[in-house]
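S.K.: build me a model from this:
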Amino acid sequence: MILPENNEDGSIDDGLQAPPRILFWGLIAAVLLVVVGILAGIFIFREVLTPGQQQRIIDAIPFARAFLPPQPAPDTILPTVAPVDPTSAMDLLNLDFSSATDTPAPEITEATEAVLPNPPTIIVPSATPQATEALPTPTPTTPPPTPTVMPTETPAQSAQIPTATPNVVQAPAVTRAISHVNTGFTWDRQTWNNCGATNITMAMSYYGWGRSQAFAESMIKPDREDKNVTPAELVNFVNNNSDLRALYRIGGDMNLLRTLIYYQFPVVIERSHMFEGYDWLGHYQTLVGYDDTQSQFTIYDSFLGENTLDTYTEVDTHWQAFNRVFIVVYQPEREAELFRLLGELADQERAAEIAFETAQTEARANPQNAFAWFNMGSALIELNRYQEASTAYDQAMNLGLPWRMLWYQFGPYRAYYEVGRYQDVLNYVANTLSTDGGQYVEETYYWQGRALVQLGRTNEAINAFQRALSQNRFFADARQALTELGA
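M.R.: Take a look at the predicted model:
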C-alpha cells in the first residue's frame, strides 16, 4: 500500500492536481452562455415570433407552449365600458317588425328516402292557390362544370357583391329526404389560421374548382396572421375570382341548412368552437350532409377532419354566437332557384329582421343570454337602427361575452361610432389590442381610425388606417378613409 506523501508545509499530497484555471472559467462561461441562450430563446419565442411561427415550434416541441405569453383565462369576458340602461334594454324585447312580416314560414315536411328519385315540389305563392312549381334536383352523378378563373383586380373587402334583386317570397314548403349526403367535395386540412380560405375552396371544389387554399389566402388575407376573415370577404373572393356566385345571410336555421344540402347547394357556416387545448374561437365549417334519424350533420371540418359528425343541437348552439350566418356557393343559372329556397331570407333587410326576431325570442326566453342580445344588436346594425343596436350591445357586454368576440364581429364599433360614442370605440379597441393576437385584426385599426378622426386626432387616425392596410392591403374601406384624409 502506497501512502500519500507529506508536503513541505505539512499537508498531505494525494497526487491530484487542480484543473487549469482557463478550464474552470471556460466551464463557467459555457454554463452562462447556455443560460443566456435559453433566456434569449424564450424572449424571442414570446416577444418576436408571430403566433404562426410559435405554433410551428410548439408542433415540434410541445413543451414550448409553457413559454407562450399569458392569455386571458378561458372564462374571461369583454369588459363593460359603458353603463347599461335596463329600461331601454328591456324595451328592445317589445320592438316589433310585424308590419313587414308575412305569415310564418311553414315547417319543412319530412319524407322518406323513397322520395329522392322524384323532384320535390315547391309551393310558390301566387294568385292561384293551386299553382305549384317543381324545382329540378341536380343529378349527383353528373359533375358540375368546372368554373373558370377570372382575372382579378384588387378586390374590395368591405361588402358583398350584390346579386340580382331577388323576388322575395315566403319560404317554400318542400319535401326532402330524412337523410342526404352530397359527394364530390375535396377535403383539405387547413394551414395555420386559415379555416376561412380553406372552407370556401372546399365549397367551390364541389363544382370542380381546383385552386388551393393558399391561392384563396393570398387574395383574402395576405397576412397569414390575420385572425379573422369575414363572410363578406369570402363571398367577394368567389365572385371576384371565378364564374361561380356566392352570397351570405344572417338569420338561418336548421331547416334551411338541410334544405340547401338536399338541393345540393354547398353551404358554409361560421360558428364558435372550443378545440382541445384552446378556448373559445371562431371557426368555419362546410356542411355536406344531414341525417334526421340521428339529428346530426356531416361536416367537412378543415381542422377536425373529413366527414366529421356533429348534432343539430351542438351546431345550432355554437352557430348562435355568429347570428346564424351562412354562405351559399352556387352556379349563376341556379340563382332564381336558390332565392326561392331562401324565401324571405333572399332579401338582406328581411333576413336582418328575421335574425332580430330570432334573437329577441331567445332573449325573452333567457334574458341572461349574452349572444342573443349581441345578435339583436348586429341585426339592428343591418337595419340602420344604431341607437337601439348600441343598447343591445351594452346589455350583451354587461352579461359577459368571450374575450375574443371583437376579433370576429365589429358591430359594436359601428353602433357606438354612429351614435357618437367615440371614446367607447377606442376603449374596446384598446382592450382588443391588449390581448395577444389582437393586433392581427385589421378592422380594429380601421374603427380606431374612424373614432380618432371624429375626435380631431387626424395624424393618429392616419397611422391607424395605415396599420389596417399593412395587415390587409385589400382592405378597401381603410384605403378610402386615407384618401378622404388626403393621406
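S.K.: regarding the chain, what is its longest strand?
M.R.: When the chain is scanned for its longest strand (criterion: DSSP state E), the result is strand 281-291.
S.K.: what helices or strands is that one leaning on?
M.R.: In terms of contacts (3 or more Cβ pairs under 8 Å, 6 or more residues apart in numbering; DSSP states H and E), strand 281-291 is packed against strand 179-181, helix 195-205, helix 254-262, strand 267-273, strand 296-301. All C-beta spots, glycine's among them, are computed from the backbone N, C-alpha and C.
S.K.: among those, which comes closest to residue 361?
M.R.: Proximity of the helices and strands packed on strand 281-291 to residue 361 was assessed by Cβ to Cβ; the nearest stretch is helix 254-262, lying at 14.9 Å.
S.K.: centre of the chain to that closest one, how far?
M.R.: 21 Å (Cα atoms, centre = their mean, to the nearest Å).
S.K.: what mean pLDDT does it get?
M.R.: Mean pLDDT, helix 254-262: 97.
S.K.: got it, and stretch 387-406?
M.R.: pLDDT averaged over stretch 387-406 gives 94.
S.K.: likewise for stretch 322-334?
M.R.: In this model, stretch 322-334 has a mean pLDDT of 98.
S.K.: start to end distance for it?
M.R.: Its start and end residues considered, stretch 322-334 measures 27 Å (Cα to Cα, to the nearest Å).
S.K.: one step back: now mean neighbour count too, for the helices and strands packed on strand 281-291, in CSV please.
M.R.: As requested, the helices and strands packed on strand 281-291 are exported to CSV (neighbours: other Cβ atoms under 10 Å):
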stretch, mean neighbour count
strand 179-181, 17
helix 195-205, 26
helix 254-262, 21
strand 267-273, 23
strand 296-301, 22
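S.K.: and the ones you listed: which comes nearest residue 322?
M.R.: Of the helices and strands packed on strand 281-291, nearest to residue 322 by Cβ to Cβ is strand 267-273, at 4.5 Å.
S.K.: list the contacts of whichever strand or helix holds residue 397.
M.R.: Secondary structure from DSSP states H and E places residue 397 in helix 386-399. The contact list for helix 386-399 (Cβ atoms under 8 Å, 6 or more residues apart in numbering) reads 78-85, 88-89, 92, 95, 368-371, 373-374, 376-378, 380-381, 411-412, 414-416, 418-419, 421.
S.K.: again, only using 6 Å
M.R.: For helix 386-399, the external contacting residues (Cβ atoms under 6 Å, 6 or more residues apart in numbering) are 78, 80, 82, 84, 88-89, 92, 368, 370, 373-374, 376-377, 380-381, 412, 415-416, 418-419.
S.K.: write the PyMOL selection for whichever of these are buried.
M.R.: Entered in PyMOL, the line below selects the buried ones among the contacts of helix 386-399, by 16 or more other Cβ atoms under 10 Å:
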select buried, resi 78+80+82+89+92+370+373+374+376+377+380+381+412+415+416
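S.K.: for the spatially most central residue of the chain, give me its contacts.
M.R.: Geometric centre of the chain, nearest residue: residue 282, 4.6 Å, by Cα atoms, centre = their mean. By Cβ under 6 Å, 6+ apart, the contact list for residue 282 reads residue 408.
S.K.: that one bridge partners, please.
M.R.: Under DSSP bridges, the beta-bridge partners of residue 282 are residue 272.
S.K.: quick one on the thing from earlier: looking at the helices and strands packed on strand 281-291, which is closest to residue 404?
M.R.: With Cβ to Cβ as the measure, strand 267-273 is the member of the helices and strands packed on strand 281-291 nearest residue 404 (9.2 Å).
S.K.: the closest one - contacts with which helices or strands?
M.R.: Judged by 3 or more Cβ pairs under 6 Å, 6 or more residues apart in numbering; DSSP states H and E, strand 267-273 is in contact with strand 281-291, helix 312-319, strand 326-330.
S.K.: can you classify residue 473 by secondary structure?
M.R.: coil (DSSP: H, G, I helix; E, B strand; the rest coil).
S.K.: just give the nearest non-adjacent residue to it, would you?
M.R.: Leaving aside its sequence neighbours, residue 473 sits nearest to residue 222 (Cβ to Cβ, 6 or more residues apart in numbering; 5.8 Å).
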